[in-house]
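K.L.:
Have a look at this fold, sequence not included:
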């Protein structure tokens, strides 16, 4: 992975791709975003995590100047005039659509032009892109004649056609064809390897954990934490245990050292209290006659950290981010 | 700053091409002139066949005065009208005349009252078996006029007169003169004014709906967010309005071409017919200055109303609400459209002057005034300045409504909400 050489998250080596400072937005009486600060370094893969309704989409819309913030500043590549930077951004909103009556090629050219490309260049790129995603046969088809999966491919192409330096993707993987998820990940990661910055939002925390180097977690319009995932996890300490066993799990509730248990299906993640000895838990389990097949000291998952930090911050965790949606058991 | 950036041009081109390529455009562009020409031809066929079907009417003249009946028959025969005296009914009452008609060989009885030569108040009555034709009434009036003249002159001692020559008078034609002394034909410009008002009204209604639908389409197909991440909402709105307007211009252009060609054919045929009858056609020059001023007013009017339609479209999310939000705007257009019917007869009425300066009305009200009267220059200037100001103001307001509205989904926004959008953007 070719990241620029950052020595730390908060030390600015180059101008950040995105910088928000004290950004807030209110719709009527409802606060959508409360004093949000964040910085996305150039070349990073950055995940914006939070449950539905946490304020992710509103934050993203303010980054693109689709809606104006009530207060605070937004900078894209160091410029407050976001409109002047728009040709460098590729944006895929959560609600994405196409004009039903246009042909595939017309559509791509139109979007290329909207992102500041010359008509001829847009056409060349569109033709090349259609070959890449295997839709060269469909270039003169009307969009309404395409399958859902094909339409999704056109949306990806339209997003990266103009080779943006910054990709902003709002819930990019939700509702995608499984095959398209991989195709699209490949396409955006290729752009990122060529130097583009990638910011995406998701309510699926595991998506972010797998893909991102940086995360920002928001819940209830408020930032819960942000930073490099490695640093976030290191700060949380090594006091989680991944445990797989057969038998009665009552010992988990009985142990005074256990703070929280998250059931991941094939194993449970046990969060211990500060300075508690994992050995105590193991002893209890053995005493209860439970057969243990895995007992491993692990970094807490992002989900665990999220719940902990959100509780500390006094934000309701009722609507914590969803855990991965298991497709097939 | 040039508002027509390449992005706005891209939106314009898309809106234009997508519409021009539809079957609807082809059908309405070529169909409407064909329909109009077809209707004219049909009307002509009906009128000429009605004229052919006209039968010879046998007129019986009943003369209660006993002094004018023979003269009338004489004059009617001179005009090749089939007429004769029915002297046996001269003393009959009206009721008896009515009873006698069905049993007689006549189609029409004309009954002249007793004091007709003295100029009495009693009317001449014409009884017909069927509908009495206008030509019969006209022929009767002409013959009666000449007969009366002869009867009255005979009383003062003049015996032989050629009444037709004595009563001959030329036809009349009104000519309005502009400030620069040019003549203009009133009727022609009245017709043109009505035609322009009608077409502009139609265009606004049709294309207004088109703009609303185009705004909703982008909302409904979830495409609008990508659009506004690439260009400013007002740029999107401008591109849409101008693109859709260009479709309208293209359509009007085709219509104008067809009408001009048809008009040239019609006029040359008509002129030939008139020349054959010895009637010279009045000289007619096209007032280019007035026409370009009218075009400017219409374009500004379109922008004003299109902006309002776009803003209206932004407040709703589905097509079923489209009629409802378009209604207030449509009402605003209907007012000047109705007013035009009065303005063509009294273009200088105070209310006409006032309406020609009010921005929502001036695009429809000013053109007929420009055609039909000499509008003081200050009124023209005021009208255009107010209109330009209003177009800019409306664009600003509509832009703000649009900016917030296009990202809203679900319920139709109510008025207080829309006012809040305008105030806070």
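P.N.:
Ah, there it is. Model, not experiment: these values are computed from the prediction.

K.L.:
Next to chain B, which bits of the stretch 51-200 of chain A? Give me the list.
P.N.:
A:61, A:64, A:66-68, A:83, A:86, A:89, A:91-93, A:95-102, A:110-111, A:113-116, A:158 (C-beta under 8 Å from any C-beta of the partner chain). (Glycine included, C-beta is placed from N, CA and C.)

K.L.:
Which entries within the residues you listed meet the buried criterion?
P.N.:
A:61, A:64, A:66-67, A:86, A:89, A:91-93, A:95-99, A:102, A:110-111, A:113-116, A:158 (16 or more other C-beta atoms under 10 Å in any protein chain shown).

K.L.:
For residue B:148, identify the helix or strand it belongs to.
P.N.:
Assigned by DSSP states H and E, residue B:148 belongs to helix B:134-155.

K.L.:
same check, this time on residue A:156
P.N.:
With DSSP H and E as criterion, residue A:156 is part of helix A:148-160.

K.L.:
for that helix, packing partners?
P.N.:
strand A:89-92, helix A:104-114, helix A:119-132, strand A:166-170, helix A:178-193 (3 or more C-beta pairs under 8 Å, 6 or more residues apart in numbering or on different chains; DSSP states H and E).

K.L.:
Let me have those in CSV, extended by mean pLDDT.
P.N.:
Below are the helices and strands packed on helix A:148-160 laid out as CSV (pLDDT from 0 to 100):
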stretch, mean pLDDT
strand A:89-92, 93
helix A:104-114, 93
helix A:119-132, 93
strand A:166-170, 93
helix A:178-193, 88
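
K.L.:
Serialize the ones you listed to a markdown table and add fields for distance to residue B:419.
P.N.:
Below are these laid out as a markdown table (distance: least, C-beta to C-beta, whole Å):
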| stretch | distance to residue B:419 |
| --- | --- |
| strand A:89-92 | 30 |
| helix A:104-114 | 31 |
| helix A:119-132 | 40 |
| strand A:166-170 | 30 |
| helix A:178-193 | 42 |
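
K.L.:
who wins for proximity to residue B:266 among these?
P.N.:
helix A:104-114 (42.1 Å; C-beta to C-beta).

K.L.:
immediately after the helix or strand residue A:21 falls within, which helix or strand?
P.N.:
Under the criterion of DSSP H and E, residue A:21 resides in strand A:18-27. Counting by DSSP H and E, the next helix or strand C-terminal to strand A:18-27 is strand A:30-40.

K.L.:
Run through the chain and note the low-pLDDT ranges.
P.N.:
Looking at chain A here, since you left the chain open. A:1-13, A:315-329 (pLDDT under 70).

K.L.:
The intended chain is chain B.
P.N.:
For chain B, the ranges with pLDDT under 70 are B:1-3, B:50-55, B:176, B:178-185, B:267, B:270-286, B:409-411, B:424-425.

K.L.:
Longest helix in it, by number of residues?
P.N.:
helix B:233-276 (DSSP state H).

K.L.:
Output the contacting helices and strands for it.
P.N.:
Against helix B:233-276 (3+ C-beta pairs under 8 Å, 6+ apart) you get helix B:6-20, helix B:23-53, helix B:186-220, helix B:288-314, helix B:377-405.

K.L.:
near chain A, which residues of the stretch 101-250 of chain B?
P.N.:
Counting by C-beta under 8 Å from any C-beta, the stretch 101-250 of chain B sits next to chain A at B:217, B:221, B:222, B:223, B:225, B:226, B:227, B:228, B:229, B:230, B:231, B:232.

K.L.:
Next, format those residues as CSV and append neighbour count and secondary structure.
P.N.:
Shown next, in CSV, are those (neighbours: other C-beta atoms under 10 Å in any protein chain shown; DSSP: H, G, I helix; E, B strand; the rest coil):
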residue, neighbour count, secondary structure
B:217, 17, helix
B:221, 15, coil
B:222, 15, coil
B:223, 21, coil
B:225, 25, helix
B:226, 23, helix
B:227, 21, helix
B:228, 24, helix
B:229, 23, helix
B:230, 25, helix
B:231, 22, coil
B:232, 19, coil
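
K.L.:
isn't residue A:37 right up against residue A:227?
P.N.:
No: counting by C-beta atoms under 8 Å, residue A:37 sits too far from residue A:227 to count as a contact (11.8 Å).

K.L.:
For the two, indicate the residue with more neighbours.
P.N.:
Between residue A:37 and residue A:227, residue A:227 has the larger neighbour count (other C-beta atoms under 10 Å in any protein chain shown), namely 18 against 13.

K.L.:
That one is in contact with residue A:213, isn't it?
P.N.:
No: here residue A:227 does not reach residue A:213: they are 10.1 Å apart, not a contact under C-beta under 8 Å.

K.L.:
picking that back up, go ahead and name everything in contact with the helix holding residue B:148.
P.N.:
B:54, B:57, B:59, B:67-68, B:71-72, B:74-76, B:79, B:81, B:83, B:108, B:110, B:112, B:116-117, B:124, B:126, B:128, B:161, B:163-164, B:166-167 (C-beta atoms under 8 Å, 6 or more residues apart in numbering or on different chains).

K.L.:
show me the contacts for residue 167.
P.N.:
Because you didn't say which chain, this covers chain A. Applying C-beta under 8 Å, 6+ apart, the residues near residue A:167 are A:89-92, A:159-160, A:188, A:191-192, A:196-200.

K.L.:
not what I meant, chain B
P.N.:
B:145, B:146, B:149.

K.L.:
most neighbours, which of those?
P.N.:
residue B:146 leads these on contacts (other C-beta under 10 Å) with 23 neighbours.

K.L.:
can you tell me the residue of the stretch 151-300 of chain B closest to chain A?
P.N.:
residue B:222 (3.4 Å; C-beta to the nearest C-beta).

K.L.:
correct me, but that residue touches residue A:95?
P.N.:
Yes: contact criterion C-beta under 8 Å: residue B:222 and residue A:95 qualify, at 4.0 Å.
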